[in-house]
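> Build the 3D model from these lines:
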Amino acid sequence: MQNSQESARCSALWDELSAWGSATRASFWVAIEQPGPWGRDALTESHLDAELGGRLAAASAEAGGRVLLIRAPGHHADASFQSRRVFVAGGLSGRPWLLTGVALDPAALEDLPWADLTGASPDAALAACPWLQPAEAPVLLVCANSKRDVCCALKGRPVALALSAQRPGQVWECSHTGGHRFAPTGLVLPLGQMLARLDADLAGHALDAAASGAFAIGTLSERHDRGVSHLPPHHQAAVSWVRAHEGETAADAFTVAGEADAITVQHVDGRTWALAAHKVEGEALPESCGKAAKPSATWTVTRS
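Now for the predicted structure:
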């Protein structure tokens, strides 16, 4: 019975399909520590004040970003909680930056200068929230929101727990990031790199590479590379194609422009690639456990 249940889960059904172009869109990320249980919509269904969670979600969405909840891997104690670790990642389209700090009052997050978090400098955030400071190391957020999708919990939590023992403070469980069908999924901050089908070894390599502003070479494939969150899907797919073919790992190596039929990816050394990226429908599959099947969609990239 267990094998039958596992084979019917969304991530098992999608296991052989490309993850290119599937990164959730966000021009910046804010992660707030909140232990205890999370509901389907974690920001308004947790022990974080629901009204505050709603305001934070709305403010970030209006500015083009995303807010997530995070918690330490392992047992989720349902206890009183006074202070929260916070991460703020911005500047994703250039040289990404990452701030961190402890918010003694979660309402302090409302002071964030949301519209400035896409900028190349963290100065506005540091001025508005002096309890933040530059982070010393990148972090990996592994989706583990079981109320949103069972695949994320069953597959994501073991990866986060295994790696957190080796990288204390750098690995966190997080609320819904999208892409359950690619579980276990991860988000590398500050790079905005979204990964599919993680294991602890690959996740460790991703953190090591991110420390020097790069992507791990093992992540540059259709199986693992969902893209970077600040780009639209067709640009994500095109850049992923170039990375896979060229083995380029530097996070800031490329700029990209154009519509799906005529995309130009340019390397900082002047090389260019003329590409086309198209969404292709396949067999009907559920994108999340418990949802009805619908035609699957993946991105195909060709030279134009």
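> could you say what helices and strands the longest strand seen in the chain packs with?
Identified as the longest strand of the chain according to DSSP state E is strand 272-285. If you count contacts as 3 or more Cβ pairs under 8 Å, 6 or more residues apart in numbering; DSSP states H and E, strand 272-285 packs onto helix 233-246, strand 262-267, strand 294-303. Glycine gets a C-beta too; all of them are placed from N, C-alpha and C.
> So in that sheet, which strands flank that strand, and in what orientation?
Its sheet considered, strand 272-285 pairs with strand 262-267 (antiparallel), strand 294-303 (antiparallel) by DSSP bridges.
> just the helices and strands packed on strand 272-285: most buried one?
Mean neighbour count (mean count of other Cβ atoms under 10 Å) peaks for helix 233-246 among these, with a mean of 23.
> burial of the residue lying closest to Ala19 once chain neighbours are set aside, as a residue count?
Take Ala19 and drop its neighbours on the chain: the residue closest to it by Cβ to Cβ, 6 or more residues apart in numbering is Ala196, 3.9 Å away. Counted with other Cβ atoms under 10 Å, residues neighbouring Ala196 total 27.
> The strands paired with strand 272-285: which one's closest to Ala251?
Closest to Ala251 of the strands paired with strand 272-285 is strand 262-267 (Cβ to Cβ; 12.9 Å).
> give the contact list for the most centrally placed residue in the chain.
Geometric centre of the chain, nearest residue: Leu187, 3.0 Å, by Cα atoms, centre = their mean. Leu187 makes contact with Trp29, Leu68, Leu140, Leu141, Cys143, Cys174, Thr177, Gln193, Met194, Leu195, Ser229 under the criterion Cβ atoms under 8 Å, 6 or more residues apart in numbering.
> Tell me the bridge partners for the first one.
When assigned by DSSP bridges, Trp29 has beta-bridge partners Arg66, Ala89.
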